[in-house]
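got a predicted model here, sequence first, then my questions.
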Amino acid sequence: MTFVITGGCCNDASCVPVCPVQCIRPRPGDPDFTSAEQLYIDPATCIDCGACMDECPVSAIHGEWDLPEELDDYLAINAEYFSNSPIEVSSPPDRKRRKLAEGSQLRVAIVGTGPAGCYAASDLSDIKGVEVSVFDRLPTPFGLVRAGVAPDHANTKQISKRFGAVLARSNVHCYLNVELGRDITIDELLQHHHAVIWAGGATSDRRLGIPGEELEGCVSAREFVAWYNGHPEHSDRRFDFSAGTAVVIGNGNVALDVARTMARPAEALRDTDIATHALEALKDSKVERVVVTARRGPEHAAYTSGELASLIHQTPGTQVSAKAAETQHLAKRSDRAAELVKTLPEADSLSRGIVLRFGLTPVEIRGDGSVEEVEFRNETGEVEVVSTSLVVKAIGYRGSSVIDLPFDESAGTLPQMSGRLVEPVSGDPLVGLNCSGWIKRGATGMIGTNKTDSGETVEALLHDFEVGRLTEPVAGQVELERLLGSRQVTVVDHAAWVNIDRAERAAGKSAGRPRIKLVTQAELLKAAGVSG
Ligand code: NAP
């Protein structure tokens, strides 16, 4: 018997060190670790102990005997990974126990409480003598786990339990609803801490750069996702669901999330934590077909095969189709993604649900004030026009510049080496300034990818502390709180966040939903029990 990792894998590799026989691959440091769609368990080596299942933060590991029918494929998928490279039994890697020199005290400020910030806080607060202050401009923590992960991916959201436990630690101090630049500056953070880790994520969007992109009705997936997830800055948005067809440009995992959310019967989303305003709007939606367009062929698709499989096999009430003419060149390919696409029914003009289209490059979005149609050009230069009132650009997130920090405009990231910010021209490290997550490496990877990413940053920071490279702060936590108080900043601390969390869950319980999200700043601060 073996354990099996399934498509919900977050790639954070928490399972790897706990496996006594090291049968999980790839491991952090393996060449394919950062690009792997998921991790895999070697059935020939697994000793069936279940340690990995207990450790998995997103419930993506199942016993073979207990594998839900719709996940049956994953037994073969796990085994297949090892078919050409069987592994030798080895002992688990030493779990590095980091510690500070006896009597040392290290204070670190982390800006951003998404996965990158929470993994960094977790690593640092594990160490005796370290105090961590975490900041977020929203009154709620967890970044894209709360405002990005699709509402129907409940298992993925379970990671917030693990992050919540980190924020509750006595050496972690939460300053939510505090905005860097507005309420406090980077210099002031450095006066109160040895170092800062900027983990603010990618807060902007890639652009198509085609005419009509600014028309009303052409929106970024980032905004659309934030809207259906109840992000307070996007909860008053309105989208036009009046046309029968909606268009999604790009075919990454975000595109599939957006398409699925629009195409599923709204009733199927009632059991999720989708924002109530979005549930209501989707109930009234006239959209019957969501066309997901990729400029390249299916062999280059940006979605992971696990996400495509779960869309096809685990999304009842939503048909997925494709055009054979755009996928027939896959006939000889036998990889999983190709096999999945080849099984799809033929799409025609009457197809409902999600239609996957390939080889269509958007050239112009047209409309009189708002979107009416999109013109695409296919690989042979032919024009195809799709009528719609809603175009969602799911072509990737992009980092924005951060006040008082250097920025690499072309990459949309902070210039850095191993997580240390560097001066862009000289490449010299900027003392005490660090980063992790999407603002460090660009908008790629799963939630768990941030674990190794933040681990690297934390290693660099600890090294700098050990060799005396960091400047001793002139003030501590008491002074920090006095400073915020003197500016009348309404801080949401951990206890206040717990109040919000409980209020949302309680409201959800009475409505038979996991939680009902509070979606305005005023509601959130009221539930937090702090005056705004
Ligand atoms: P992504 O994976 O980078 O996909 C971007 C898509 O946009 C690609 O299809 C790309 O096509 C297309 N694109 C880019 N520029 C374009 C242009 N000018 N015109 C037309 N198409 C264009 O981005 P994402 O979907 O936002 O995802 C970001 C990261 O989050 C990914 O690593 C993803 O796996 C992860 N994520 C994971 C999950 C999950 O596990 N469930 C959910 C959401 C997000 P080309 O390939 O042709 O450039």
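Done, it's in. As the structure is a prediction and not an experimental result, all values here were calculated from the model. Numbering: from 1, shown residues only.

ok, for residue 282, nearest residue in space, not its chain neighbours?
residue 266 (4.2 Å; CB to CB, 6 or more residues apart in numbering). In short, each C-beta sits where N, CA and C put it, glycine included.

same question for residue 387.
Closest residue in space to residue 387, ignoring its immediate chain neighbours: residue 373 at 4.9 Å, by CB to CB, 6+ apart.

quickly list what that neighbour is bridged to.
When bridges are called by DSSP bridges, residue 373 pairs up with residue 366, residue 387.

change the start of the numbering to 550 and stick with it
That works, and once the first residue is 550, the last one we named lands at residue 922.

wait, it touches residue 934, no?
Yes - using CB atoms under 8 Å, residue 922 is in contact with residue 934, at 5.3 Å.

between those two, tell me which one has more neighbours.
residue 922 (18 against 12; other CB atoms under 10 Å).

so what pLDDT did the residue in the stretch 650-799 of the chain positioned nearest to the ligand get?
Distance from the ligand to each residue of the stretch 650-799 of the chain (CB to the nearest ligand atom) is smallest for residue 799, at 2.8 Å. The confidence metric pLDDT takes the value 98 at residue 799.

distance of the closest residue to the ligand within the chain from residue 944?
As assessed by CB to the nearest ligand atom, the ligand sits closest to residue 801 within the chain, at 2.2 Å. Distance of residue 801 to residue 944, computed by CB to CB, to the nearest Å: 8 Å.

and residue 589, by the same measure?
Counting by CB to CB - residue 589 and residue 944 are separated by 29 Å.

ditto for residue 891
Plainly put, residue 891 is 26 Å away from residue 944 if you go by CB to CB.

which parts of the stretch 700-849 of the chain sit against the ligand?
For the stretch 700-849 of the chain, the residues in contact with the ligand (CB under 6 Å from any ligand atom) are 755, 757, 798-804, 806, 843-845, 849.

mind redoing it with 5 Å?
Neighbours of the ligand within the stretch 700-849 of the chain, by CB under 5 Å from any ligand atom: 757, 799-803, 844-845.

in the stretch 800-949 of the chain, what residue spans correspond to strands?
Applying DSSP state E, counting those that start in this stretch to the stretch 800-949 of the chain gives strands spanning 838-842, 869-871, 902-906, 910-915, 922-926, 932-936, 940-942, 946-947.

I'd like the average pLDDT over the second one.
Read it as strand 869-871. Strand 869-871 comes out with an average pLDDT of 97.

which other helices and strands contact that strand?
strand 902-906 (3 or more CB pairs under 8 Å, 6 or more residues apart in numbering; DSSP states H and E).

does the ligand have contacts with the strand it packs on?
No - Strand 902-906 lies apart from the ligand when judged by CB under 5 Å from any ligand atom; the minimum separation is 11.3 Å.

what lies in contact with that strand?
The list of residues contacting strand 902-906 from outside it, by CB atoms under 8 Å, 6 or more residues apart in numbering, reads 800, 808-809, 812, 838-843, 847, 860, 867-872, 875, 890, 893, 896.

can you give the distance of that strand from its chain's centre?
Relative to its chain's centre, strand 902-906 lies at 23 Å (CA atoms, centre = their mean, to the nearest Å).

just the buried positions in that strand, please.
Residues of strand 902-906 classed as buried: 902-906 (neighbour count, 16 or more other CB atoms under 10 Å).

give the rounded mean pLDDT of it.
For strand 902-906, the per-residue pLDDT averages 97.

tell me the domain ranges of the protein?
Per the record, the chain has its domains at 552-630, 655-752+948-1040, 758-945, by automatic domain parsing.

quick one, which of those is nearest to residue 1069?
Among the domains of the chain, the nearest to residue 1069 by CB to CB is domain 758-945 (5.6 Å).

quote the end-to-end distance of stretch 958-978.
Start-to-end span of stretch 958-978 (CA to CA, to the nearest Å) is 19 Å.

show me how far that stretch is from its chain's centre.
That offset, for stretch 958-978, works out to 23 Å (CA atoms, centre = their mean).

got the contact list for that stretch?
Contacts of stretch 958-978 (CB under 8 Å, 6+ apart): 746-747, 751, 753, 947-951, 954-957, 979, 982-985, 988-991, 1002-1003, 1005-1010, 1013.

what parts of this structure come near the ligand?
Contact residues (CB under 5 Å from any ligand atom) of the chain with the ligand: 757, 799-803, 844-845, 851, 944-945, 992-994.

closest one of the residues you listed to residue 915?
Checking the residues of the chain next to the ligand against residue 915 with CB to CB, the nearest one is residue 757 at 13.5 Å.

so who does the closest one touch?
By CB under 8 Å, 6+ apart, residue 757 lies in contact with 798, 911, 942, 944.
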